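Student: from the sequence below, what's the structure:
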Amino acid sequence: MIRDIFDIYNRNWSQILIWSFLIILPVTTLSFLGMVYVISSEDSIAPHYFAGLALLLNFLICIPPFKKMVQIDKQDDTIKPIDGIRFFCKQFGIILVFTSIIYFIAYLGMFLLFIPTVMAMIFLLVFPFFSEQRSVKEVLSQSISAIVRENFALIGDLIVILSINLGIWAILMLFFEQYDNNLLAYLIIRSVLNMLIFPFFYIYLTLRYQATPSGQLANERW
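Tutor: The predicted model follows:
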């Protein structure tokens, strides 16, 4: 799996570089500024709720072009950067709506022994890889099928992704705390970090969840 990830990355490095600057960088910037605004504003309601949503959207919204890249790469072909951007725009709405709704359910689940929260977070990790299905029913069906198939491995994926993100961020903060930093410095660090590690996460997760007949069918429809 690790070798496959690096092989796909090496074959598509130019597209990844372009999408990192044109998709991951702007989304990270907007997410970071949104988090700063809601946390620092005295008039904001439930600032930590919206900050968490911004952080989650930052990861999920950028998935589509990288997912499509892996699907097409498995067919020994390459995707043009502009096609990836078009696919990003096409999938933007459904990922935004689904994430907002499921995140709200996850937030409420914190008051119910965290069980709904865990299930909602697992669903959020999976559904962007099936978001191009023709109907909401198919998105839900394929996502649930993947969850049932992967079972507890999904929890491991969720923990690893969160741990790596938080771990690298914590290390960088410890390194830079001795300097006089401002919001721009933190934004640059966050953006560079996301541009470096997000593509590897996206390739890995696509290989995991799209290695099914349903995933192949979705690719043929595109």
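
Student: show me what the lengthiest helix in the chain is packed up against.
Tutor: The helix spanning the most residues in the chain, taking DSSP state H as the definition, is helix 81-109. Judged by 3 or more CB pairs under 8 Å, 6 or more residues apart in numbering; DSSP states H and E, helix 81-109 is in contact with helix 13-19, helix 47-60, helix 63-73, helix 115-126. Using the backbone N, CA and C atoms, a C-beta is placed for each residue, glycine as well.

Student: tilt between that helix and helix 115-126?
Tutor: Angle, helix 81-109 to helix 115-126, by axes from the mean of the first three to the mean of the last three CA atoms, to 10 degrees: 180 degrees.

Student: gap between helix 81-109 and the chain center?
Tutor: Mean-position distance between helix 81-109 and its chain equals 9 Å (CA atoms, centre = their mean, to the nearest Å).

Student: give the rounded mean pLDDT of that helix.
Tutor: Average pLDDT, helix 81-109: 91.

Student: ok, back up a step: just the helices and strands packed on helix 81-109: most buried one?
Tutor: helix 63-73 (a mean of 24; mean count of other CB atoms under 10 Å).

Student: any stretches of this structure with poor pLDDT?
Tutor: The model of the chain has pLDDT under 70 over residues 113-114, 172-173, 175-181, 211-222.

Student: residues near residue 164, how many?
Tutor: For residue 164, the neighbour count with other CB atoms under 10 Å is 13.
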